[in-house]
Structures are given as C-alpha cells and as structure tokens.
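A.B. asks: Below is the sequence, then the predicted model.
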Amino acid sequence: MTKIRPIVGLPTLSGLRAFEAAARTASFAAAAAELNLTSGAVSYQIRALEAHLGFVLFERLPRGVRLTSLGVAYLPPVRKAFEELADSTTGLFGGSQRLQISVHAPVSLAALWLAPKLPAFSAANPLIDVRLSSVIWDNAMPDDATDLEIRYGTGYWHGYRSERLLNQNILAVCSPTLLIAEPLKGDLADSRIQPLIHIMGHENHWLKVRQGLELGTASAKVGLTVDTTIAALELAATGFGVALTHRLFLSAYFSTGRLVIATTQEFSDDQSYFVMTPERPQRVRREVQLFRDWLIAVAAD
C-alpha cells in the first residue's frame with residue numbers, strides 16, 4: 001500500500017485566513033472584526049505567517065496596511081484555495097443551513113421575465129431562498145441589504161460591478177383590435193393617427209422609432225405617460241394606443257393574443273439590462289455568485 005506522505009511547507013490556516021481578510025480590507029482592525037478576533041491577534045498571526053514564509057507581506061502604514069509585491073502575488077492563490085475548499089466541502093457534504101440572497105430588479109422585468117423563471121432556480125437550489133424586490137427607480141448609492149441588482153442603462157454606476165445581461169431591440173406593440181380598426185400603413189409610418197404610450201425613463205425610445213421611420217417632427221396624437229412597462233403594456237392591451245417595449249416582456253401577452261406586433265420593423269437600443277453586485281471589501285458570497293451565474297445563463301438562452 002502506498003504511504004501517503006504529509007504535505008510540508010504549509011502555513012497555518014488561521015494565518016492564511018488573517019492574511020486574506022487583511023489583504024481584502026486593507027486593515028488589520030477590519031480583518032479582526034470580520035474574523036471575530038482582536039487586532040493584536042490578527043497582527044500576531046500575520047507576523048507568524050511572514051516568519052514562516054521568510055518574506056514581508058504587508059507594509060504597515062499610519063492608517064491601514066498595504067500589500068507588498070510578494071503579498072499581491074500570494075493573494076490570488078490563497079483566495080482561490082479557500083474558494084475551492086468551500087465549494088468542495090459544500091459539494092461533497094452538503095449542508096442543512098438555509099441561505100438567503102436579496103435581489104432588486106425593475107418591476108416590469110421582475111414580474112414579466114424573472115419571476116416566471118425563479119421556480120427553476122429554487123428547484124435546483126432548494127437551500128437558497130431568494131428575496132425579490134421590485135423597484136421603479138434605481139438607488140443612487142449601493143444598498144447594504146442588497147446582494148444583487150438588475151438595472152437598465154449604460155452599465156456604469158458608481159459603487160457597482162456590472163455585467164451585461166440582455167440587450168434587445170425595441171418593438172412596437174398594440175391590441176389586435178386596434179390594428180384591425182386602424183391598420184398602421186407603411187410600417188408604422190402612419191403612427192401619427194395612434195395615441196403613443198410613453199414610459200418614464202424610456203423617453204428616447206419613441207425618438208429612435210421616429211428617426212428610424214424618418215417621420216421627422218410630425219405631430220402625434222397625445223397619449224399617456226406611465227412609470228412602468230407593465231402599465232404601458234396593459235394600457236396598449238385595452239386598445240388605447242401603441243407602446244414600445246422589449247420582446248422579453250411579451251411572452252404572456254403574445255400567448256394570450258392580448259398584444260400583437262404593430263410593425264415588423266425593429267429598432268436598436270443603445271442601453272441594456274445589467275446584472276450588478278455592490279463593490280464591497282468582502283468576497284461575493286457563493287450563493288450570490290451562483291444566482292448571478294444562473295441569471296446570466298438564463299439570459300443567454
């Protein structure tokens with residue numbers, strides 16, 4: 001039988017944990033608070049780690065600490081090792097503790113696109129509880145109680161890391177009865193005869209459509225302005241007028257026949273939906289990363 005030799009040269013786990021936390025927070029005091037230790041204990045563990053390695057990992061500054069060049073090089077493999085160990089432990093042995101993540105999304109996206117897909121995530125991850133909150137207007141600053149957000153815009157928000165989730169063309173939709181009553185001739189070129197439904201925050205959509213159809217500044221019938229896509233689509237479904245939206249919101253409306261496409265022409269949108277996590281010193285929790293990866297995969301399909 002092959003004898004398993006011990007692994008030599010490894011520092012203590014407590015020293016590595018102190019190093020990772022102090023490197024991430026740039027502070028022994030913050031690392032101590034996170035690890036439920038005293039600052040002196042963290043400082044001692046890091047000194048012991050540096051003595052074991054024979055190299056200095058931190059520059060001690062008047063306020064906080066800064067990694068040396070060797071500390072910068074050592075941090076990624078240490079962090080990767082912790083993440084792989086955590087994932088392997090959970091994967092092999094599971095766990096009974098329920099986890100919770102808080103997600104914010106625009107109200108229309110939450111109701112018409114995300115909510116119908118959430119049962120599949122819950123079935124695959126029964127120990128993760130998702131708290132989905134619908135919002136109309138984005139928070140100016142990151143919310144400490146929110147793990148993940150979906151936003152519509154250019155992708156640049158201070159205090160967040162973002163990744164594009166969806167970009168879709170703009171479609172014009174209306175009630176089938178409206179289309180029959182007053183056919184939109186010439187690929188929406190006669191949209192002047194229809195009331196136009198506007199959505200706050202999406203004022204540029206009708207401008208892009210009019211430019212795309214070369215309608216110029218011709219006057220249009222006065223419509224209504226609402227603050228959500230859901231309200232605009234429900235208004236259009238009554239036969240009031242024409243609304244602009246993205247295809248991802250339309251499955252239920254198309255399947256029931258409440259809305260139809262008013263023109264085959266589509267219009268590009270220079271903004272997208274982004275999945276975002278607040279920039280924090282703490283590593284993104286595994287369950288949050290799992291939900292984020294699932295969300296991106298669902299959007300890709």
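C.D. replies: On my side now, so go ahead. Bear in mind that the values here come from a model prediction, so they are computed numbers and not experimental data.

A.B. asks: Tell me the bridge partners for Pro106.
C.D. replies: Bridge pairing for Pro106 (DSSP bridges) gives the partners Val135.

A.B. asks: For Ala22, see how far away Leu250 is.
C.D. replies: Plainly put, Leu250 is 51 Å away from Ala22 if you go by Cβ to Cβ, to the nearest Å. Quick note: C-beta positions are derived from backbone N, CA and C, even for glycine.

A.B. asks: So for these two, which sits in the more crowded spot?
C.D. replies: A side-by-side neighbour count of Leu250 and Ala22, using other Cβ atoms under 10 Å, places Ala22 first with 28 against 19.

A.B. asks: and the end-to-end length of stretch 223-243?
C.D. replies: Stretch 223-243 stretches 10 Å from its first residue to its last (Cα to Cα, to the nearest Å).

A.B. asks: Check which residues of that stretch are buried.
C.D. replies: By neighbour count on 16 or more other Cβ atoms under 10 Å, the buried set for stretch 223-243 is 223, 226, 228-237, 240-243.

A.B. asks: Sort out which of those residues are in helices and list them.
C.D. replies: Of the buried residues of stretch 223-243, the ones assigned to helices by DSSP state H are 229-237.

A.B. asks: Now flag whichever of those is closest to Ser134.
C.D. replies: Nearest to Ser134 among those, counting by Cβ to Cβ, is Ile230 at 9.7 Å.

A.B. asks: and the closest one, what is it in contact with?
C.D. replies: 107-108, 111-112 (Cβ atoms under 8 Å, 6 or more residues apart in numbering).

A.B. asks: next one: Val288
C.D. replies: 101, 147-148, 277.

A.B. asks: next one: Val107
C.D. replies: Per Cβ under 8 Å, 6+ apart, neighbours of Val107: 134-136, 228, 230.

A.B. asks: ok, these vs Tyr74, which is closest?
C.D. replies: Proximity of these to Tyr74 (Cβ to Cβ) peaks at Val135, which lies at 40.6 Å.

A.B. asks: need the contact list for Ile101.
C.D. replies: So Ile101 contacts 128-131, 147-148, 285, 287-288, 291 (Cβ under 8 Å, 6+ apart).

A.B. asks: Over to Leu10?
C.D. replies: Counting by Cβ under 8 Å, 6+ apart, Leu10 makes contact with nothing.

A.B. asks: Would you mind measuring from the closest residue to Ala232 other than its chain neighbours to Val56?
C.D. replies: Spatial nearest neighbour of Ala232, chain neighbours left out: Ala243 (4.3 Å); criterion: Cβ to Cβ, 6 or more residues apart in numbering. According to Cβ to Cβ, Ala243 and Val56 sit 63 Å apart.

A.B. asks: Equivalent analysis for Ala111, please.
C.D. replies: Look at Ala111 and Val56: by Cβ to Cβ, they are 55 Å apart.

A.B. asks: neighbour count winner among these two?
C.D. replies: Per other Cβ under 10 Å, whichever of Ala111 and Val56 has more neighbours is Ala111, with 18 against 15.

A.B. asks: Wasn't that one part of a strand?
C.D. replies: No: the assignment for Ala111, made by DSSP: H, G, I helix; E, B strand; the rest coil, is helix rather than a strand.

A.B. asks: now Gln289, what's its secondary structure?
C.D. replies: Secondary structure, three-state DSSP: Gln289 is helix.

A.B. asks: picking that back up, got the contacts of Val288 as JSON lines, with secondary structure and distance to Leu92 columns?
C.D. replies: Below are those laid out as JSON lines (DSSP: H, G, I helix; E, B strand; the rest coil; distance: Cβ to Cβ, whole Å):
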{"residue": "Ile101", "secondary structure": "strand", "distance to Leu92": "23"}
{"residue": "Asp147", "secondary structure": "coil", "distance to Leu92": "25"}
{"residue": "Leu148", "secondary structure": "strand", "distance to Leu92": "26"}
{"residue": "Thr277", "secondary structure": "strand", "distance to Leu92": "27"}
